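# what would the 3D arrangement of this be:
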Amino acid sequence: MIAIFKREVKNYLKWPLFWVGVLLVIYGVFNATSPYLTTHYLEQGEKIVNDYPDTVDSADVYEGYIPANPEKHREIWIGQIKQKLMAEFEMSDLDAQSVINNLADMELEEAFVYLEEEYDWYGARYLYEDTYVL
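Sure, this is the predicted structure:
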């Protein structure tokens, strides 16, 4: 059995098409990895060239960043707070609205602390952060 394998390997090595294939594979690997084989050091006074367009620096809508309007963000958060209070804490619409009225005059940190102390709800801050994506 080993003799058969040796004979087959010798036959492959005799074919010129085999060597052409080996050379093409070596060339392809070298061609794909050649940019990584050279090291480019920065010279004195040389700056790194950034190829990003100008819109990335200003973080505009083109790159997926939508400037947030704090009032709209708070409005969305208040709506979701009301839904969560009615769903998880089984409050009526009137009770949930009274909690929302209490939150309307508070700053965000005060509102988070109020919900933590009064209702033992620690997820209000995370709910606010999640509404930021909207």
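
# which parts of this protein are helices?
2-14, 16-37, 54-58, 70-88, 93-104, 108-119, 124-131 (DSSP state H).

# between those helices, which one is nearest to E46?
helix 16-37 (18.8 Å; C-beta to C-beta). Every residue, glycine included, has its C-beta placed from N, CA and C.

# residues in contact with the closest one?
Contacts with helix 16-37, where a contact means C-beta atoms under 8 Å, 6 or more residues apart in numbering, come from Y12.

# number the residues from 811 up from this point.
Sure, I'll start counting at 811 from here, so that last one is helix 826-847.

# average pLDDT for it, rounded please.
Mean per-residue pLDDT for helix 826-847: 92.

# distance between that helix and the chain's centre?
Relative to its chain's centre, helix 826-847 lies at 36 Å (C-alpha atoms, centre = their mean, to the nearest Å).

# so, low pLDDT: which residues of the protein?
Applying pLDDT under 70 to the chain flags residues 861-878, 942-944.

# kindly recompute the last result at 90.
For the chain, applying pLDDT under 90 flags the ranges 815, 818-826, 844-891, 894-903, 905-906, 909, 913-916, 918, 928-944.

# nothing else from me, thank you.
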